[in-house]
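Student: Quick one, fold the following:
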Amino acid sequence: MKYFAVFFFTLLSAVGFAQDVESTAPQRVSGYIINDNTKQALSNVNIINTNKVRGAKSDAKGYFEIDVQLNDTIHFSILGFQSLRIRVTNDWIKNKVTRIQLTEKAIALEEVVIAPFNLTGYLEVDSKLIPTKENYRYSISGLTQGYEAGEYSPNAFGKVLGSIFNPADVLYGFFGKNAKELKKLKEMRKDDTVRNLLESKYDRETVSVLLGISKDEIPEILQRCNYSESFIQSANDLQIMDAINGCYEQYKVLKRN
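Tutor: Numbers count the residues shown, from 1 in each chain. Have a look, this model is predicted:
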């Protein structure tokens, strides 16, 4: 009886260990994405595992596959539909396939006012009317000729340096508390699907999801890193992620020193 009890306890421990290993091991799940109104398949839906920074796209039948672990968060987005986040559950891993329904957005078109420069035809006068900025240029993904990053002055270094000694500063709060999320910036480079997605988007939604911040915080962070308003407004999401990564790397170097 004694040996049976020991054997039974060992068996239970082995089963429990096997279940733990299974729950933490990468699993491949799949699904079909449809329009919740028309029930038609949705192709080219962007799918990102925000925990692993791995991406996928749905095919013509709305079908996709992606590697996950239990409790990972999967983000679904496509133009014209409300984005959706779903937590990976045991049921999904067990069944391997699920059905995702996305809801169309009600989009109201806003009036766009185009204000041209009132040029006179005189070069000496017109050259003063057109806004120009003397900005320091950096190399960044997708931009072969560099981009503007604020006025070339000691301010860029000073703002990052000052944040280290001022706990109330925006950069200190962001970089100090979001180290785990910021590590995803390096993981992002390993997945072409995620990079291609970011390169094609300008709405900052994916950036905010991956970094765990609101869209409103992104411009303030970049301004603190001395990026120009022109760059902040016109850069795609991949360029924004690279810019934040560059500022973070500078922050880490200064903090170590």
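Student: Now the terminal residues of stretch 211-218, how far apart.
Tutor: Distance across stretch 211-218, first residue to last, is 10 Å (Cα to Cα, to the nearest Å).
Student: So what touches that stretch?
Tutor: Residues outside stretch 211-218 that contact it (Cβ atoms under 8 Å, 6 or more residues apart in numbering) are 170, 174, 178, 181-182, 184, 203-205, 207-208, 221, 232, 240, 244. All C-beta atoms are positioned from the backbone trio N, CA, C, and that covers glycine.
Student: Show me which positions of it end up buried.
Tutor: For stretch 211-218, the neighbour count (16 or more other Cβ atoms under 10 Å) marks 211, 213, 218 as buried.
Student: Just the buried residues from the contacts of stretch 211-218, in ChimeraX please.
Tutor: A single ChimeraX command selects the buried members of the contacts of stretch 211-218 (16+ other Cβ under 10 Å):
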select :170,174,178,181,182,184,204,207,208,221,232,240,244
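Student: From the contacts of stretch 211-218, which land in helices?
Tutor: 170, 174, 181, 182, 184, 205, 207, 208, 221, 232, 240, 244 (DSSP state H).
Student: got the contact list for the closest residue to the last one other than its chain neighbours?
Tutor: To tie it back to what came earlier, the one meant is residue 244. Distances taken as Cβ to Cβ, 6 or more residues apart in numbering place residue 221 nearest to residue 244, at 6.4 Å, with adjacent residues excluded. Applying Cβ under 8 Å, 6+ apart, we find residue 221 in contact with 170, 171, 174, 213, 244, 247.
Student: where does the stretch 151-257 of the chain have low pLDDT?
Tutor: Counting by pLDDT under 70, the stretch 151-257 of the chain contains low-confidence ranges at 151-170, 257.
Student: Kindly recompute the last result at 50.
Tutor: Within the stretch 151-257 of the chain, the stretches with pLDDT under 50 are 151-154, 168.
Student: still on that earlier bit, same list (the buried residues of stretch 211-218) but as a markdown table, adding distance to residue 87 and secondary structure.
Tutor: Formatted as a markdown table, the buried residues of stretch 211-218 follow (distance: Cβ to Cβ, whole Å; DSSP: H, G, I helix; E, B strand; the rest coil):
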| residue | distance to residue 87 | secondary structure |
| --- | --- | --- |
| 211 | 19 | helix |
| 213 | 20 | coil |
| 218 | 25 | helix |
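Student: Return the closest of the ones in helices among the contacts of stretch 211-218 with respect to residue 32.
Tutor: Using Cβ to Cβ, the shortest approach to residue 32 within these belongs to residue 205, at 22.9 Å.
Student: quick one on the thing from earlier: which one of the ones in helices among the contacts of stretch 211-218 is nearest residue 44?
Tutor: The closest of the ones in helices among the contacts of stretch 211-218, once distances to residue 44 are taken by Cβ to Cβ, is residue 205, at 16.0 Å.
Student: does residue 227 count as helix, strand or coil?
Tutor: Following DSSP: H, G, I helix; E, B strand; the rest coil, residue 227 is assigned to coil.
Student: For it, grab the count of nearby residues.
Tutor: Other residues lying near residue 227 total 26 when counted by other Cβ atoms under 10 Å.
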